[in-house]
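Undergrad: just need the structure, nothing else, for what follows:
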Amino acid sequence: MSEHGYGPAAGRGPAGGGSTGNPPWSPEPSASATTPQAGPGEHTAPTPGQHVGWAAPQAPTTPYHPGYGGHPAAAEPLGGPPSSPVAPRRAGRVRIGLAGLVAGALIGGGAGAGVVTLLDEPTVVSGSGAAAQSVTIENPEMATTATAAAAKAAPSVVTIYVSSGSNSGSGSGVVLTDDGYVLTNDHVVAEAANGGSVQVRTADGTLYDASVVGTDPASDLAVLRLDGASGLTPATFADSDEVQVGDVAVAIGAPLGLSNTVTDGIISATGRAVATGGTQDEATVIDALQTDAAINPGNSGGALVNGAGEVIGINTAIATVASGIPGGSSQSGNIGVGFAIPSNHAQRIAREIIETGSATRTFLGVSAGTASDRPNSRVGTGAEVASVQPDSAAEDAGIREGDVITAVDDRPVTSSTELTAAIRSKAPGDEVTLTVRRGSETTTVEVTLGSVD
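TA: Numbering: from 1, shown residues only. As a prediction, the model looks like this:
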């Protein structure tokens, strides 16, 4: 595959570790760059006939459980932001208020019927959060893997404050360059789009005014530029394609407005197809890393790092127990199922935003829904093609209406959401092998993925 992105790491070391000696993020593409994951789309509701390159399932009627591969879905245009059986709750901004931490649960927030719901209304916290402080290793003989990872990565994680009218909130971000480019989630800074203000506090406590360089809502990523910044500590990025289940995972950010908070766990799953958002025009599909490291509102945009302190993902969503089920409530918080945008994907999007102000989208050119295993319509068996865009990559490859795509390369596809995530894990111009079921026969076709601005 072609190289994309700034400063990705070389191969990862043993599980829980990571490569060392990686160059930090830099404004020039690194010669050691790995192929990042790709494929943002528009963060708007799909319209009839719209084709952007991935599948868009309908909203579910039953709770979604992470890992469940299929759900009933009508055909939707590939590339409209899908509603999801997942509808994850973004680990989003934390609203700044006067209530104490004891009241620091979710207010409202678009909680859906699923186990994972979108965090639109952030958690109330007291004051402006904890003061920033650096993480240092004072007792090396007692240090753990998380201690070392935090010491390396924490100086590259910032707290972001957004104010717009009567609304204010906070989230997290990751330093990309020493002169002030910062990567975060789009939903962290979305309120600043309409005349709001953004400020960023670095790990040493310095507060900067910041501007939004560009956003990509469909991949839930945004880039900021700190005014007058210099001498910042850029994060080191690892190759997220090399992450394995069981690797150490350390989350760093500002949950509940508490800057420089560190939690640890492991990577619970890779290549998890996750759709966030409670409605179609809020939905975003990510090809996520799943972790049990505690992620809460305010962690959004912060770093998920490996045992070597290298960024493997950008924290963006959390699972919450749905209201109305035994043991459930309308409150939001960590239950050990969090999701991060893989670093390779995040780097490609950030590089394009810095260079052009926007990002390209991977384009397959089909509309698809989830094919089900009757009589159990909840068991997905692939992504069924409803239509093919003329002059698209799919048409060039001979994909037809009625075909059921069951794999992308060696990755199984059991639903339209999984097709979305698999396509988005690639970059425009990448070649993939689709496994296609047509009637009683199964074949493979080679596709060179297109792109669209």
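Undergrad: quick one: the strands in the stretch 351-453 of the chain?
TA: Taking DSSP state E, counting those that start in this stretch, the strands of the stretch 351-453 of the chain run over residues 361-363, 366-373, 376-388, 404-408, 411-412, 431-438, 441-448, 450-452.
Undergrad: elements contacting the last one?
TA: What it means is strand 450-452. For strand 450-452, the packing partners by 3 or more C-beta pairs under 8 Å, 6 or more residues apart in numbering; DSSP states H and E come out as strand 361-363. Every residue, glycine included, has its C-beta placed from N, CA and C.
Undergrad: so for the strand it packs on, what gets flagged as buried?
TA: Across strand 361-363, burial judged by 16 or more other C-beta atoms under 10 Å covers Arg361, Thr362, Phe363.
Undergrad: given that strand, what are its sheet partners and their directions?
TA: Strand 361-363 sits in its sheet next to strand 450-452 (antiparallel), going by DSSP bridges.
Undergrad: in the partner strand, which residues are buried?
TA: Neighbour-count burial for strand 450-452 [16+ other C-beta under 10 Å]: Gly450, Ser451, Val452.
Undergrad: pLDDT-wise, which helix or strand of this structure ranks last?
TA: strand 125-126 (a mean of 34; mean pLDDT, DSSP states H and E).
Undergrad: hey, C-alpha coordinates of the longest strand anywhere in the chain in PDB?
TA: For the chain, the longest strand by residue count, based on DSSP state E, is strand 261-276. The C-alpha trace of strand 261-276 is given here as PDB (Å, rounded to 0.1, in the frame of the first residue of the first chain):
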ATOM      1  CA  THR A 261      -5.900  11.700  34.100                       C
ATOM      2  CA  VAL A 262      -4.300   8.300  33.300                       C
ATOM      3  CA  THR A 263      -6.200   5.000  33.200                       C
ATOM      4  CA  ASP A 264      -4.900   1.600  32.000                       C
ATOM      5  CA  GLY A 265      -6.200  -1.700  30.700                       C
ATOM      6  CA  ILE A 266      -5.800  -3.800  27.600                       C
ATOM      7  CA  ILE A 267      -6.900  -3.800  24.000                       C
ATOM      8  CA  SER A 268     -10.100  -5.800  24.000                       C
ATOM      9  CA  ALA A 269     -10.700  -6.000  20.300                       C
ATOM     10  CA  THR A 270      -9.300  -4.600  17.000                       C
ATOM     11  CA  GLY A 271     -11.200  -3.800  13.800                       C
ATOM     12  CA  ARG A 272     -14.400  -3.300  15.800                       C
ATOM     13  CA  ALA A 273     -17.100  -1.900  13.500                       C
ATOM     14  CA  VAL A 274     -18.700   0.800  15.600                       C
ATOM     15  CA  ALA A 275     -21.300   3.300  14.500                       C
ATOM     16  CA  THR A 276     -21.800   6.300  16.800                       C
END
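Undergrad: hang on, the earlier thing: now, which of the buried residues of strand 450-452 sits nearest Ile354?
TA: Lowest distance from Ile354 to the buried residues of strand 450-452 (C-beta to C-beta) belongs to Ser451, with 17.8 Å.
Undergrad: what about that closest one, distance to Leu364?
TA: Noted for Ser451: a distance of 11 Å to Leu364, by C-beta to C-beta, to the nearest Å.
Undergrad: and for Leu221?
TA: Leu221 is 21 Å from Leu364, by C-beta to C-beta.
Undergrad: likewise for Glu191?
TA: Where Leu364 is concerned, Glu191 sits at a distance of 33 Å (C-beta to C-beta).
Undergrad: elements contacting the biggest helix by length in the chain?
TA: What stands out as the longest helix in the chain, according to DSSP state H, is helix 343-356. Contact partners of helix 343-356 among helices and strands, from 3+ C-beta pairs under 8 Å, 6+ apart: strand 181-184, strand 207-216, strand 221-226, strand 311-318.
Undergrad: most packed of these?
TA: Among the helices and strands packed on helix 343-356, ranked by average contacts under mean count of other C-beta atoms under 10 Å, first place goes to strand 311-318 (a mean of 32).
Undergrad: tell me what angle it forms with strand 221-226.
TA: Relative orientation of strand 311-318 and strand 221-226, computed by axes from the mean of the first three to the mean of the last three C-alpha atoms, to 10 degrees: 110 degrees.
Undergrad: which residues in the stretch 151-300 of the chain form strands?
TA: So, for the stretch 151-300 of the chain - with DSSP E, counting those that start in this stretch - the strands run 157-164, 167-175, 181-184, 197-201, 207-216, 221-226, 248-253, 261-276, 284-291.
Undergrad: picking up where we left off before, list the neighbouring strands of the longest strand of the chain plus their orientation.
TA: strand 248-253 (antiparallel), strand 284-291 (antiparallel).
Undergrad: out of those, the one nearest Thr370 is which?
TA: strand 284-291 (13.2 Å).
Undergrad: so how far is the first residue of stretch 423-443 from its last?
TA: 19 Å (C-alpha to C-alpha, to the nearest Å).
Undergrad: mean confidence (pLDDT) on the longest helix of the chain, please.
TA: Across helix 343-356, the average pLDDT comes to 96.
Undergrad: stretch 372-390 too?
TA: 87.
Undergrad: which of the residues in that stretch are buried?
TA: Per 16+ other C-beta under 10 Å, stretch 372-390 contains these buried residues: 372, 378-389.
Undergrad: send me that stretch as CSV with only the CA atoms.
TA: The C-alpha coordinates for stretch 372-390 follow below in CSV (Å, rounded to 0.1, in the frame of the first residue of the first chain):
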residue,chain,number,x,y,z
SER,A,372,-29.9,-11.8,7.2
ASP,A,373,-30.0,-15.5,7.9
ARG,A,374,-33.7,-16.2,7.9
PRO,A,375,-35.8,-16.9,9.9
ASN,A,376,-33.5,-15.1,12.4
SER,A,377,-33.3,-11.6,10.9
ARG,A,378,-30.8,-10.5,13.6
VAL,A,379,-28.1,-12.8,12.2
GLY,A,380,-26.2,-11.0,9.5
THR,A,381,-24.6,-12.9,6.7
GLY,A,382,-23.1,-10.1,4.7
ALA,A,383,-23.7,-6.7,3.1
GLU,A,384,-26.3,-7.0,0.3
VAL,A,385,-25.8,-4.6,-2.6
ALA,A,386,-28.9,-2.6,-3.4
SER,A,387,-27.5,-0.4,-6.1
VAL,A,388,-24.2,0.3,-7.8
GLN,A,389,-23.0,3.9,-8.6
PRO,A,390,-22.2,4.3,-12.3
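Undergrad: so can I have a markdown table of the strands of the stretch 351-453 of the chain showing distance to Ala340?
TA: A markdown table is the format used below for those (distance: least, C-beta to C-beta, whole Å):
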| stretch | distance to Ala340 |
| --- | --- |
| strand 361-363 | 20 |
| strand 366-373 | 25 |
| strand 376-388 | 24 |
| strand 404-408 | 21 |
| strand 411-412 | 19 |
| strand 431-438 | 23 |
| strand 441-448 | 28 |
| strand 450-452 | 24 |
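Undergrad: right, and these - which one's nearest Gln244?
TA: strand 411-412 (15.4 Å).
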